[in-house]
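Colleague: 3D model of this:
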Amino acid sequence: MTHKVLVVDDDPEIRDVVHIFLRNEGYHVFEAEDGLQALTILNREAVDLIILDVMMPNLDGIKACFKIRETSNIPIIMLSAKGEDIDKITGLTTGADDYVAKPFNPLELIARVKAQLRRQKLTGGSSGKSVPDGAIIEINDLIIDKNRHIVTVRDKEVLLTPLEFSILVLMASHRGHVFNVEKIYQSVWKEDKFLSDNTIMVHIRNIREKIEDNPREPRYLKTVWGVGYKVE
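Modeller: Got it, this is the predicted structure:
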């Protein structure tokens, strides 16, 4: 099935560049120069993903995102020339699924598009079924389906033990938060009595062997020396 992507930006040069990269990946691309045109296209076309600029005339990306979210859970990637954290927060609280700051590498944007479409497929998004908030955790190419106990890395399923899965979900659900070994033990084993650091270290090592390209230089599950572990 050919995925349909709507690119919404008032800058024709950006639309052209994104269009070319998307087309080269086999996507069918629609273009709009503002939020109003985007809504018109969405009324007549079944689009699978939207790339939506924030600053546009007539109807900006934030307002357009609010309107789209009234009737659809279609994946939305926001674009903005403003890179401040407040803009990122504003974009995501409107219901956007991801955020890319300008200027951006088109290949990075394509990777984000692929990730969102993988997630949509994994959650059955195209069927219109509602997915509970927080049921899917996505961190770059790592996708965790908490309801089905499935972990995939670059579309390949990774087999984790129940304890490994619980440890990964705990830290991925609190991305950036540092957990010491005692907190991990209490949260996963549901016991106050703590055995030893080695118990956690073995599980962390096993998880890394399964989800990391290079477990010695982990991309996802990182050590904060002298403190504990975190997922980034």
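Colleague: contacts for stretch 167-177?
Modeller: Taking C-beta atoms under 8 Å, 6 or more residues apart in numbering as the criterion, the residues outside stretch 167-177 that touch it are 134, 137, 139, 142, 144, 146, 151, 160, 179, 184, 187-188, 200, 203-204, 207, 211, 221, 229-232. C-beta coordinates here come from the backbone N, C-alpha and C atoms, glycine included.
Colleague: and if you look at stretch 217-224?
Modeller: Identification of contacts with stretch 217-224 by C-beta under 8 Å, 6+ apart yields 139-140, 142, 168, 171, 178, 204, 207-208, 211-213, 229-232.
Colleague: Residue 15: which of those is nearest?
Modeller: Closest approach to residue 15 among the contacts of stretch 217-224 (C-beta to C-beta): residue 140, at 25.7 Å.
Colleague: residues contacting that closest one?
Modeller: For residue 140, the residues meeting the contact criterion (C-beta under 8 Å, 6+ apart) are 115, 219, 220.
Colleague: 10 Å instead?
Modeller: Residues in contact with residue 140, defined by C-beta atoms under 10 Å, 6 or more residues apart in numbering, are 111, 112, 115, 153, 154, 219, 220, 232.
Colleague: any idea how far residue 225 is from the residue lying closest to the fifth one once chain neighbours are set aside?
Modeller: In other words, residue 154. Nearest non-adjacent residue to residue 154, counting by C-beta to C-beta, 6 or more residues apart in numbering: residue 141, 4.6 Å away. Applying C-beta to C-beta, to the nearest Å, one obtains 26 Å for the distance of residue 141 from residue 225.
Colleague: what do you get for residue 213?
Modeller: Using C-beta to C-beta, residue 213 is found at 22 Å from residue 225.
Colleague: Could you do residue 8 as well?
Modeller: Using C-beta to C-beta, we find residue 8 at a distance of 44 Å from residue 225.
Colleague: same check, this time on residue 72
Modeller: Looking at residue 72 against residue 225, where the rule is C-beta to C-beta, the gap reads 45 Å.
Colleague: Who has more neighbours out of the two?
Modeller: residue 72 (14 against 6; other C-beta atoms under 10 Å).
Colleague: I'd say the more buried one and residue 42 touch.
Modeller: Yes: shown here, residue 72 and residue 42 form a contact pair, counting by C-beta atoms under 10 Å, at 7.4 Å.
Colleague: list the residues that contact both of the two?
Modeller: Taking C-beta under 10 Å, 6+ apart as the contact rule, the neighbours common to residue 72 and residue 42 are residue 50.
Colleague: Could you point out the helix or strand that follows the lowest-mean-pLDDT helix or strand in the chain?
Modeller: Of all the helices and strands that make up the chain, helix 85-93 has the lowest average by mean pLDDT, DSSP states H and E, namely a mean of 55. Downstream of helix 85-93, the next assigned helix or strand under DSSP states H and E is strand 98-101.
Colleague: Could you spell out the sheet neighbours of that following strand, each with its direction?
Modeller: Neighbouring strands of strand 98-101 in its sheet, by DSSP bridges, are strand 76-80 (parallel).
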